[in-house]
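Undergrad: pasting the sequence and the predicted coordinates here, then a few questions.
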Amino acid sequence: MKLARSCSVLLFALVAATALLPVGAQAQTKLKMVLNWKFEGPQAWFFLAQEKGYFKAEGLDVTIDQGEGSAASIPKVASGTYDVGFGDMSALIDMAAKYPDSAPVAAYMMYNVTPFVIAVKKDSPIKTMKDLAGKTIGGPVNDGALKLFPDAAKAAGIDASKVSITNMAPNLREQMLTRGQVDGVFGYMLTVAFSAKAIGMNPDKDLRFIPYSDYGVDSYSNTVFFSRKLVKENPKVVEGFVRALNRAVKEVVANPDAGLEYVMKREPLLNREIERERLIATFSTQMSNPEIGKIGFGDVDDVRMKRNIDLVVDGDASARKPAVSDVFDRRFLPPRADRLSKM
């Protein structure tokens, strides 16, 4: 009896002591995250949140893996291989339309400006979408711009079937373009521009960009999303992740070099100056939609998101049209006052 009583007292003491520990010292919820692409400057906030303990302070043990394209991360989260992803909103909408029970749910919008382009050489005869007929355009199979091309072609009033599509490894995209092996390439403007710069090209002098936005494509781009299972069963984990990330985003925007330290720590072979330029350019071009002055960074405008859904789903008779709340859940956002209002 005395032994049993002693054990009970000891167990009570251990439970009480655990309750008094700071959150970061308690058992951590393990999360696996997959990024949109190989490690690069515009992922600085994820690494900073991890290295400075912001995730840990929320009770999270986050593992971050590089990705294979902005559309490729969506099925990896949908399948349960990863809990969290960073990737293209339009690809997420497409999955939600076709597989509503397994599609991930976005909770923090990062790239709120349409980044998709077709890049051609400066001396190319291709100057508009209408010049693409009979030409060969290439891109990695999971590239967001390639995935959205049929919708962009429809918006531009051209027949996408008259454009030949070829796939290549992501690291060969700019090389194949400059060698004339393809007439143009799909991609994010900054990704193509800085990858071209990394191989010695001058994107301002050597390339011409045909933006999808010139044809009325006003889509959202990369967002942070979570497995539907995690959102349903452990919403506090999602809320904590978003809170930690929002804290890191504000810090990196205020001091890009602080964030860049953790990028270089993760991938020392990167060109620091190019990644710094890429990071700052991302602020000014892909994260600077005027709407954030009204709704705050990380949120979406429901009317604009509805247009994005219409762009992706209209014309696909086999797909159900998801509601905005099916693809983006703002319940997990920090208060408006805690999120950025400008970049």
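TA: The structure has been received and is ready for your questions. Numbering: from 1, shown residues only.

Undergrad: let me know the average pLDDT across the helix or strand hosting residue 74.
TA: Using DSSP states H and E, residue 74 falls within helix 73-78. Averaging pLDDT along helix 73-78 yields 98.

Undergrad: how about the helix or strand that that helix is followed by: buried residues?
TA: For helix 73-78, the succeeding helix or strand toward the C-terminus, using DSSP H and E, is strand 84-88. Counting neighbours by 16 or more other Cβ atoms under 10 Å, one finds that the buried residues in strand 84-88 are 84-88. Placement of C-beta: from N, CA and C, glycine included.

Undergrad: contacts for strand 84-88?
TA: Identification of contacts with strand 84-88 by Cβ atoms under 8 Å, 6 or more residues apart in numbering yields 31-36, 43, 46, 62, 67, 69-74, 76-77, 104, 110, 144, 147-148, 221-227, 230, 241.

Undergrad: select from those every entry located in helices.
TA: Those of these mapping onto helices are 46, 73-74, 76-77, 144, 147-148, 230, 241, per DSSP state H.

Undergrad: any idea how far the residue lying closest to residue 305 once chain neighbours are set aside lies from residue 230?
TA: Using Cβ to Cβ, 6 or more residues apart in numbering and skipping residues adjacent in sequence, the residue nearest residue 305 is residue 324, 4.9 Å away. Residue 324 is 20 Å from residue 230, where distance means Cβ to Cβ, to the nearest Å.

Undergrad: next one: residue 158
TA: Residue 158 is 40 Å from residue 230, by Cβ to Cβ.

Undergrad: same thing with residue 204?
TA: Counting by Cβ to Cβ, the gap from residue 204 to residue 230 is 43 Å.

Undergrad: neighbour-wise, which of the two wins?
TA: The neighbour comparison of residue 204 against residue 230 (other Cβ atoms under 10 Å) goes to residue 230, with 20 against 9.

Undergrad: tell me where the stretch 51-200 of the chain is predicted with low confidence.
TA: Nowhere does the stretch 51-200 of the chain drop to pLDDT under 70.

Undergrad: and the helices in it?
TA: Secondary structure of the stretch 51-200 of the chain (DSSP state H, counting those that start in this stretch): helices located at 54-57, 73-78, 89-98, 144-156, 173-178, 189-198.

Undergrad: for the ones you listed, which one sits closest to residue 136?
TA: Smallest distance to residue 136 across the helices of the stretch 51-200 of the chain (Cβ to Cβ): 10.0 Å, for helix 173-178.

Undergrad: packing partners of that closest one?
TA: Using 3 or more Cβ pairs under 8 Å, 6 or more residues apart in numbering; DSSP states H and E, the elements in contact with helix 173-178 are strand 116-121, strand 136-139, strand 184-188, helix 189-198.

Undergrad: of those, which stretch is the most buried?
TA: For the helices and strands packed on helix 173-178, the largest average neighbour count (mean count of other Cβ atoms under 10 Å) is found in strand 184-188, namely a mean of 27.

Undergrad: and the angle from it to strand 84-88?
TA: Here the directions of strand 184-188 and strand 84-88 differ by 140 degrees (axes from the mean of the first three to the mean of the last three Cα atoms, to 10 degrees).

Undergrad: in the strand or helix carrying residue 276, what's buried?
TA: Residue 276 belongs to helix 272-286 when assigned by DSSP H and E. By neighbour count with 16+ other Cβ under 10 Å, helix 272-286 contains the buried residues 275-279, 281-282, 285-286.

Undergrad: show me what it is packed against.
TA: Checking 3+ Cβ pairs under 8 Å, 6+ apart, helix 272-286 ends up next to helix 189-198, helix 256-266.

Undergrad: now do 10 Å
TA: Where contact means 3 or more Cβ pairs under 10 Å, 6 or more residues apart in numbering; DSSP states H and E, helix 272-286 is packed against helix 44-51, strand 184-188, helix 189-198, helix 235-254, helix 256-266.

Undergrad: what pairs with the shortest one, parallel or antiparallel?
TA: So the one you mean is strand 184-188. Strand 184-188 has the following sheet partners, assigned by DSSP bridges: strand 116-121 (antiparallel), strand 136-139 (parallel).

Undergrad: dump it to PDB, restricted to CA.
TA: Taking C-alpha atoms only, strand 184-188 is exported to PDB below (Å, rounded to 0.1, in the frame of the first residue of the first chain):
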ATOM      1  CA  GLY A 184       9.900  29.300 -75.000                       C
ATOM      2  CA  VAL A 185       9.500  28.000 -71.500                       C
ATOM      3  CA  PHE A 186       6.900  28.100 -68.800                       C
ATOM      4  CA  GLY A 187       7.700  29.300 -65.300                       C
ATOM      5  CA  TYR A 188       7.400  31.800 -62.500                       C
END
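
Undergrad: what is the burial count for the residue nearest to residue 305?
TA: 18.
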